[in-house]
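>>> structure for the following, please:
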Amino acid sequence: MKFNLTILTTCTLALCFTTITAQKKGKRGKSASSEILNMTFEKLQEDESITELGAISILDNGVSSPTENAADLFQKGAGKEFGVPNNVFGSEMTSETGGSVYAGFVAYRPGRESSLRSYITIPFLRGKGNVSLSKGLKYCIQFDVSLAESSKFACNNIGAYLTKEAPTTPSGIINASENLIRGKHNRIHQGFFGWDKICQIYTAKGDEKFITIGNFDANSATKFLTVKKPKTSDVEALKHAYYYVDNVTVKLIDSEEECQCIATNQMANTEEYSTLVYAKAANIDENMSLEEQIAAHVAYFGFGKKDFTAGSKEALKFVAGQLKANPQLTVLISGHADAQEEQLGASKEEFKDMGMVRAKYAERYFMAQGIDPSRITVKSMGAEQSSKEIADVDEDELKAAKNRRVEFTLD
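As a prediction, the model looks like this:
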């Protein structure tokens, strides 16, 4: 990467100041900082702590919420209402790069409360001043969302709105007819565990100084689903679609290949591959040891998927219950893929290391149930170890389905 050094000298009657800045030289011949924004919601104002909902404004970097129904913050150690992973709206770990804090906002409410949404506005800052995106240049915009268990609904239209001025409206829905990006296919984000990445490429108009996260469409233009919270969750189900959000990034790119927009909840467009999902109830008898009972509970997955099936959830629920009942136990989670997933993973990011993706997803489930992460070890086995369930008479498609699994072993 090539950099230009710009030397600026400013003199007054008494003093001269010299500023040296390093800038990325783009292919278009224009200079701009590559990373415009990397927001993980970590930096609170001095002496501030999260003690109430709607606390987004206590961040020390100009973050605000434009509506009367302000967005929320959650932090590790902030207590059962505002904590991480567990809080008043559900349970979610921070992502691997998300630090100890994430935010939350209301994306959808039905009926008379439809206008009671919340949004998160973040300025583009360099030093103490705002900076603008550069006209005609392309930017990769990404952020992670996770549906909170208090949600009776899940919705689409989750997006980012880029503006010259910070939006201001005391209540209601912010309408954005332009300068708006949404994720690929504008999916309904309905995953309770783990994070969905929303990602899109944006071509700047040249005066954008703020990015706002939320739903900018009326209810009539928003697709939604009614969802049921997990049986393991004890939070109150509310008439809203509430999303945690973290890792908001805006980065200048020279080519679209630098911005890998992957729909991570469903992982990939898998219609052309196998649709077979293997399922088998654990066969338990009274003579089995606890270690053998846990090993008998295996979670199986669809091709290219990390989502839990009904059978997978039962396996996870059993193992989590045993870990809760026996606090001295530690568990090894082994994630497996089939051979075709492994082969595709070498060239397609959305299939990369499906064994680890599945193992980490199971780990997040256990941590959401209150299992201390120090008691959990995760390991990716890839496709190197075939399932013991495979029989010689099995068709190749069934063998592959049996290999797409997560296994549990007392460590």
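>>> so how far is Ile333 from Ile376?
For Ile376, the distance to Ile333 (C-beta to C-beta, to the nearest Å) stands at 7 Å. To be clear about C-beta, it is placed using only N, CA and C from the backbone, and glycine gets the same treatment.
>>> what is in contact with those two at once?
Listed as contacting both Ile376 and Ile333 by C-beta atoms under 8 Å, 6 or more residues apart in numbering are 363, 366.
>>> and those two? Which one has more around it.
Taking other C-beta atoms under 10 Å, Ile376 and Ile333 do not tie; Ile333 has more neighbours (26 against 19).
>>> residue boundaries of the strands in the stretch 151-300 of the chain?
Under the criterion DSSP state E, counting those that start in this stretch, strands of the stretch 151-300 of the chain are mapped to 153-155, 158-163, 180-182, 196-203, 210-215, 224-226, 241-253, 299-300.
>>> with mean neighbour count added, can I get these in CSV?
Formatted as CSV, those follow (neighbours: other C-beta atoms under 10 Å):
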stretch, mean neighbour count
strand 153-155, 23
strand 158-163, 23
strand 180-182, 18
strand 196-203, 19
strand 210-215, 25
strand 224-226, 13
strand 241-253, 23
strand 299-300, 24
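>>> of all these, which one comes closest to Ser134?
Of all these, strand 241-253 sits nearest to Ser134, with 7.6 Å by C-beta to C-beta.
>>> ok now the closest one, how far from the chain's centre?
Taking C-alpha atoms, centre = their mean, to the nearest Å, one finds the center of strand 241-253 at 8 Å from the center of the full chain.
>>> how about stretch 102-122?
Relative to the centre of its chain, stretch 102-122 is centred 18 Å away, using C-alpha atoms, centre = their mean.
>>> got the end-to-end distance for it?
For stretch 102-122, the first-to-last residue distance is 14 Å (C-alpha to C-alpha, to the nearest Å).
>>> likewise for stretch 326-333?
With C-alpha to C-alpha as the measure, stretch 326-333 spans 17 Å from end to end.
>>> what's in contact with it?
290, 294, 319, 322-323, 359, 362-363, 366, 375-379, 406-411.
>>> of those residues, buried ones?
Among those, those scoring as buried are 294, 319, 322-323, 359, 362-363, 366, 376, 378, 406-408, 410 (criterion: 16 or more other C-beta atoms under 10 Å).
>>> narrow the residues you listed to those in strands?
Counting by DSSP state E, the part of the buried ones among the contacts of stretch 326-333 found in strands is 376, 378, 406-408, 410.
>>> let me know the closest of those residues to Gly206.
Checking those against Gly206 by C-beta to C-beta gives Val378 as the nearest, at 45.1 Å.
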